[in-house]
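*Asks:* prediction below, plus the sequence it came from.
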Amino acid sequence: ETGVTQTPRHLVMGMTNKKSLKCEQHLGHNAMYWYKQSAKKPLELMFVYNFKEQTENNSVPSRFSPECPNSSHLFLHLHTLQPEDSALYLCASSSQRGPMETQYFGPGTRLLVL
Amino acid sequence: EDQVTQSPEALRLQEGESSSLNCSYTVSGLRGLFWYRQDPGKGPEFLFTLYSAGEEKEKERLKATLTKKESFLHITAPKPEDSATYLCAVQAGGGGNKLTFGTGTQLKVEL
């Protein structure tokens, strides 16, 4: 595997379900991100982890719970979601060693909440 | 608050018809401006980073330029495979890792 991978690629869940999204990066990076992409809206940053520590939470509702066990893996735990949470969830990673940190994205998980 | 505005929202070109996409930004101390390409159902694919006004970068039929207020993505003699949504994002000084994205320009190149 190369780059940034995400599983599952598609997910349908009811409002009472609990599910998790997984992201893995194979780039040797030490920062990881969750973004939400809705139709006609800019990408919205949700969470940032640097060296496994959460450094940004962009006022995300508590029904989204991130977990970063190490610099290569990132999870987004979902529970009691709302239909408006349906979107493409993108994971990204970057290196924090240089002055400019290009973020590289995974293919995303398309989430539908019924 | 950092802001990025992209125009046009959508663009339809004939194959070989060159054009430019615009990204206007307001940011407190620009650290970098990024261009990404996104195909339907996929994640954004990194194209370019521009750091300072006057900088230009090229890749195949694409050329990105930067001024103090905007960036252009010039597409020369486009092909149908260049059809995608092109996203612009800025990173501000003191903003940590945060990227602020525009809503993108959806480009369709027809035969």
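*Replies:* That came through, no problem. Given the structure is predicted, the values throughout are model-derived calculations rather than measurements.
*Asks:* just want the residue of chain A that's nearest chain B.
*Replies:* In chain A, the residue that lies nearest chain B is residue A:105 (3.7 Å; CB to the nearest CB). In short, each C-beta sits where N, CA and C put it, glycine included.
*Asks:* check contacts around that residue.
*Replies:* By CB atoms under 8 Å, 6 or more residues apart in numbering or on different chains, residue A:105 lies in contact with A:4, A:35, A:90-92, B:36, B:43-46.
*Asks:* with residue A:37 instead?
*Replies:* A:43-44, A:87-90, A:108.
*Asks:* show me the two of those residues that sit farthest apart.
*Replies:* Pairwise distances across the contacts of residue A:37 peak at 13.3 Å for A:44 and A:108 (criterion: CB to CB).
*Asks:* quick one, which of those two is more surrounded?
*Replies:* Between residue A:44 and residue A:108, residue A:108 has the larger neighbour count (other CB atoms under 10 Å in any protein chain shown), namely 24 against 16.
*Asks:* doesn't residue A:92 make contact with that one?
*Replies:* No. If you go by CB atoms under 8 Å, residue A:108 and residue A:92 don't touch, sitting 10.2 Å apart.
*Asks:* mutual contacts of the two, please.
*Replies:* Joint contacts of residue A:108 and residue A:92 (CB under 8 Å, 6+ apart) are residue B:43.
*Asks:* strands along the chain, start to end?
*Replies:* No chain specified, so I'll use chain A. With strands called from DSSP state E, chain A shows them at A:4-7, A:10-13, A:18-25, A:31-37, A:44-50, A:53-57, A:64-70, A:73-79, A:87-94, A:104-105, A:109-113.
*Asks:* my bad, chain B
*Replies:* Using DSSP E, the strands of chain B run over residues B:3-7, B:10-14, B:19-26, B:30-38, B:45-50, B:56-59, B:62-66, B:70-75, B:84-92, B:99-101, B:105-110.
*Asks:* for the ones you listed, which one sits closest to residue A:11?
*Replies:* strand B:30-38 (19.7 Å).
*Asks:* what's the angle between that closest one and strand B:70-75?
*Replies:* Here the directions of strand B:30-38 and strand B:70-75 differ by 30 degrees (axes from the mean of the first three to the mean of the last three CA atoms, to 10 degrees).
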